[in-house]
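> when you get a sec, could you give me coordinates for this:
(chains A and B)
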Amino acid sequence: MRPFLTSPGLELARSFWDAIAQINDAVAVRLIEPKAELWDIQLKIRETVGDHYPLLIRRIMAFTLALLDLPRMPEYGQAHGDSGKPLQQFLLNCDLVLNALGQGWLGKKERNNRSDELLMENLNAAWLGLYFLGVPFIHPWEKVRRLAGYRGGFPSGGCIAKYIGDVYRLARHRFVQPDRPVPPAYSSFAPDDRDAVLVLSHTPMVMFQDALTYKNDSYATPRSVHELGRRYALLQMMLYIRGGHPVHFLIPSTALTLALDKLADIPDDPLAKAIAKATPSVVARRDAIRQGIRTWMCDTIFTSVAAGQSVRLLKYPLDASGMPTCVLGSKTGIYTLESGETGLHFAGNELRDSLLESYRDKLSRVLERSNDKPASPEPEPRAVSLLDLDASAFAHALKDV
Amino acid sequence: MHDSDRKAGFWTIKIFLGIGLYAGLWLAALLLALNYYHHYAAKADHRPQPGEHDILGATRVMVRELELAHAREAWDKLFVRTLASQDPAHAAGMPAAAPSSAVSTPRTDFDRVRDEIRALGVTIKDRTHPQQSLPDSLLKVVVVVTISGLWFQTFLLANALKRAISRWRRRRIPFDTRRFRQRQAEVQADGCLHMVTPPLAAPRWREHRLFNGAPLALKWLLGVWSLVPPLVFAVAMHSVYEPAVFVMALAAIFVAAEHYGGLTETEHELKARTDELKSKVGTVLDADGLNEWRTELYGLYGKASYRVDAVIRYFDIDSAWWKCAGSAHPWIEYAKRCGSGSDSDTLLSTLLNTQAKVRFVSDQPLEALERLPWASRNERKDFFRSLLGLTWNLVVFDIAYEARVAKAYSGTSARYRIKISRAPCWMHVVDDTVFQAIERGKEGNATVRQLTHDIADVEDRRALSGWARDNVRRFAQRGGRAEEYVFAVLRYAALGLACQEEEDLALKRLLNQLGMKDYLDEPKQDFLLAAFDDVDERMNRSVLLSRETAETLCTAVFSELLNRRMDKRNCLVKSWALPGCMKLKHLLSELV
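Numbering: from 1, shown residues only, chains lettered A, B, ... in the order given. Prediction:
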């Protein structure tokens, strides 16, 4: 055994990732419990974790501080003197942890190339861990934002999911402490579409429970952080929806078809696809996922539908093609080019100011037109609002995808 | 003074007066000295021998008698012979002096005695001071006073001239645009195509280095020139008093005058340099400087109409707050004080006046929190003070927000935010005024400077303040809400004490865990501990409080924030929030 395998840094990293995995498991159970009161999720996690709780906090804090100390910052310019050494050690540790979890081995070249991504994912994991333990110190995430500023975006996976969650969280905070003198009364609050969260999604979490888990191991960090990120996004989304705040999900039906194919492991290659679609077991799997949409969406996420909330399936004439998946709050938003689990390492960035405005503008127009009555030559409506449908109508609306 | 005449040329009223005074004193001294001479020489027993007061003749005689041979003889007498006589062997071999062989007679004795008595009389007449009459003495006193005055004025004038010369050398004649345009128009009317070069604004010859020595030369000239009146006086006095002693006294006055002039100059220089430094470096942020800066900032906040964006390293707590110690509800008392206008220099009253949106960014290192259990008393104290300041500011912001909303019925214009984020540059942007604070080691060494101080152009000011504001905004966007941070810190401390979620929140215990005890035990700027409460302003900004009262006030800051946040029912925690009963799990309502 090589000597560095027992270095304190590695021990720290290992125990950290153990803690994250443990938290991830706890969240996975508690998040989708029927009738879960989501705002006490941190209490539930403490319950689930039990006596390990203080230990987990201590481990995550220790690792967070080590990460915050790491001198790899673009503002330092080229690594000089010893400043590269801790980073090298850190990258090696990342690789060793990944290997120990059975997710492969990056190798020196790749981990050096993706060093910022690794650092950001680790910091993100630290923040998520602290959040679910109920002590969400902003510091690790602040460093992720800083690095994202220098790198021009967030790495695919956990970081983007965390940012999506933040969009919902910020929007919820804005609604709960509005810039208006009226005290917030949730039932009587008249939703304002100008402040609504607009979502254009190609792999909608709102529809697929399977979108929460990762089957593919192509990420450079343990999958627990990516899953935890998604669960954070889901948690924030559900808190937002249950608060009765306005949100509109727009889902192009073509994208839904592709997403279903992907989740059912149907390959992209046309020939292989044709073969797979002829295989009864694959078709059955795909159908099962499609059947699951309504249960997931109506029973778990939208337990009650407030005014100003909708999920719309966009038919061809309204397809917002050319736009990436995006989640747009009124002050900040994010776009992401990741679809599924393979693809770009850096695939998304925040949207602000006029860019955000233009995205929101486009989606608002799509939303407006989706309310139109179908014109006479068109046999079908341009958009289907899924939440208003009963079971059979729902199945009918989705029969083509 | 040095500011007002910076733009002037050589001639200022001060220079006129100085030269006039110098000339007057010089003439007066000369007049008095000559009068004294005349008066003295007119007396019968002091009437000079013919040629006695011929200065030139006397000088000639003195010079003639200066010879190398005399000097050598004196040298021999002083050193060489003395050395020889001290030689013991030499001294032993010396024969005893022979007794005088002259034979004395009564006649010669009488002559000798008479001669000696006569000589004695002459000596007494020469060496004793003449009897002083009052007018004599008065005249002498006036002469001495005038001469002293003359000399002091000489060096003061030399200083003034030095400054005037440097002004004169630096002075630029303002560019006469009207004449230049006229000239250009004339040339163009003539159909010439050549350019008219603007006239040189300042004659360059003034900057020649030949003038570098001018102030020193002037000083010497004035000094020597002012020796003339005393010379007359000295000549008249030479036989009255030992000239060497007399001149030494005069020299002492002269040197004193020169030193006085030098000191005045130094003082002036120092003041000018301090002002210059102040405009370049800014206010030093020690206790006094902080006070000054705070007053300035609060003034600007009150007048601000657009935005206040600032990076805060040290959250100030008003001394007015500590003075609310006596009240059962210190926050109500504080709000009342600030609202009534009796305390106009508090943060709250400033925020109530301002029209601007306020956004603060503060850096609260996580490391300090994590290693708090092992930290030294001083570190714990610092940590608690920064947390207390932050929390106090949050409460004040919330009060200000509510007041503003109640007044305007619209919250859109009222924005008071504090974000926690890493903020490497310490800047303060109030509308288009930018302050840059520079940290130098420990607190007290930091300085603050108004970057926009010298920028007259509005566009330039806006460009700079826009850039600075953008910087602060970027820090703020990356950061998290300060309320969340405070709640997380409290929860972290509670978990460190192994509290259970259903336990009541023992705020004092938590705060002690976070360093409140150390903060109260150490001497501090905010308030001084006293045996009993003696709420008063002492030593600039201190308030005397007892330890218990101070502790109650610190706890009140945190509990007020907790209650205010709970009232907002941030997180749908309707079922949780029971007034008066706060459990550890309730903290989560801010953190979800």
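
> how about stretch B:400-408: buried residues?
B:400, B:401, B:403, B:404, B:405 (16 or more other CB atoms under 10 Å in any protein chain shown). C-beta here means a position set from N, CA and C on the backbone, and glycine is covered the same way.

> and that stretch, C-alpha only, in CSV?
Written as CSV, here are the backbone C-alpha positions of stretch B:400-408 (Å, rounded to 0.1, in the frame of the first residue of the first chain):
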residue,chain,number,x,y,z
ALA,B,400,-36.1,51.1,9.8
TYR,B,401,-37.8,48.9,7.2
GLU,B,402,-41.0,48.8,9.1
ALA,B,403,-41.1,52.5,9.7
ARG,B,404,-40.4,53.2,6.1
VAL,B,405,-43.1,50.8,4.9
ALA,B,406,-45.6,52.3,7.4
LYS,B,407,-44.8,55.7,6.1
ALA,B,408,-44.7,55.1,2.4
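
> does chain A sit close to that stretch?
Yes - Stretch B:400-408 lies within reach of chain A by CB under 8 Å from any CB of the partner chain, at B:405, B:406.

> surely residue B:156 touches residue B:264?
Yes - using CB atoms under 8 Å, residue B:156 makes contact with residue B:264 at a distance of 6.4 Å.

> those two: who's more crowded?
Neighbour count, other CB atoms under 10 Å in any protein chain shown: between residue B:156 and residue B:264, residue B:156 has more, with 18 against 15.

> for the chain, what's the longest helix?
Unless you meant another one, I'm taking chain A. Determined from DSSP state H, the single longest helix within chain A is helix A:8-31.

> wrong one, I was asking about chain B
helix B:243-281.

> can you list the buried residues in it?
B:247, B:250, B:253, B:254, B:257, B:258, B:261, B:265.

> now, which of those sits nearest residue B:133?
Comparing the buried residues of helix B:243-281 against residue B:133 with CB to CB places residue B:250 closest, at 23.2 Å.

> pLDDT score for the closest one?
For residue B:250, the pLDDT comes out at 87.

> so it sits against residue B:231, correct?
No - look at residue B:250 against residue B:231 with CB under 8 Å: they stay out of range, at 9.9 Å.

> tell me where the stretch 401-550 of chain B has helices.
Using DSSP state H, counting those that start in this stretch, the helices found in the stretch 401-550 of chain B span residues B:458-478, B:482-496, B:507-513, B:516-521, B:547-567.

> so how far is chain B from residue A:8?
17 Å (CB to the nearest CB, to the nearest Å).

> pretty sure residue B:311 sits in a strand.
Yes - judged by DSSP: H, G, I helix; E, B strand; the rest coil, residue B:311 forms part of a strand.

> tell me who's in contact with it.
Neighbouring residues of residue B:311 by CB atoms under 8 Å, 6 or more residues apart in numbering or on different chains: B:360, B:361, B:362, B:363, B:423, B:425, B:426, B:427, B:428, B:472, B:475.

> residue A:249: which of the residues you listed is nearest?
The closest of those, once distances to residue A:249 are taken by CB to CB, is residue B:475, at 33.1 Å.

> need the contact list for the closest one.
Applying CB under 8 Å, 6+ apart, the residues near residue B:475 are B:311, B:361, B:419, B:421, B:422, B:423.

> if I look at the fourth one, how far off is residue B:477?
This points to residue B:421. 8 Å (CB to CB, to the nearest Å).

> what's the helix or strand containing residue A:368 packed up against?
Per DSSP states H and E: residue A:368 is located in helix A:353-370. Judged by 3 or more CB pairs under 8 Å, 6 or more residues apart in numbering or on different chains; DSSP states H and E, helix A:353-370 is in contact with strand A:197-200, strand A:247-252, strand A:309-314, strand A:325-328, strand A:333-336, strand A:383-385.

> residue B:546 is nearest to which of the ones you listed?
Across those, closest to residue B:546 is strand A:197-200 (CB to CB), at 52.5 Å.

> the helix or strand following that closest one - contacts with which helices or strands?
Per DSSP H and E, the first helix or strand lying C-terminal to strand A:197-200 is helix A:223-242. With contacts taken as 3+ CB pairs under 8 Å, 6+ apart, helix A:223-242 sits against helix A:8-31, helix A:115-132, helix A:158-176.

> rerun at 10 Å
Counting contacts by 3 or more CB pairs under 10 Å, 6 or more residues apart in numbering or on different chains; DSSP states H and E, helix A:223-242 is packed against helix A:8-31, helix A:41-49, helix A:115-132, helix A:158-176, strand A:197-200, strand A:247-252.

> show me what the shortest one is packed against.
Using 3+ CB pairs under 10 Å, 6+ apart as the contact test, the elements touching strand A:197-200 are helix A:158-176, helix A:223-242, strand A:247-252, strand A:309-314, strand A:325-328, strand A:333-336, helix A:353-370.

> how about 8 Å then?
Using 3+ CB pairs under 8 Å, 6+ apart, strand A:197-200 sits against helix A:158-176, strand A:247-252, strand A:325-328, helix A:353-370.

> give me the number of residues near residue 122?
If you meant another chain, say so; for now it's chain A. So residue A:122, with other CB under 10 Å, has 29 neighbours.

> chain B is the one I meant
Other residues close to residue B:122 by other CB under 10 Å number 10.
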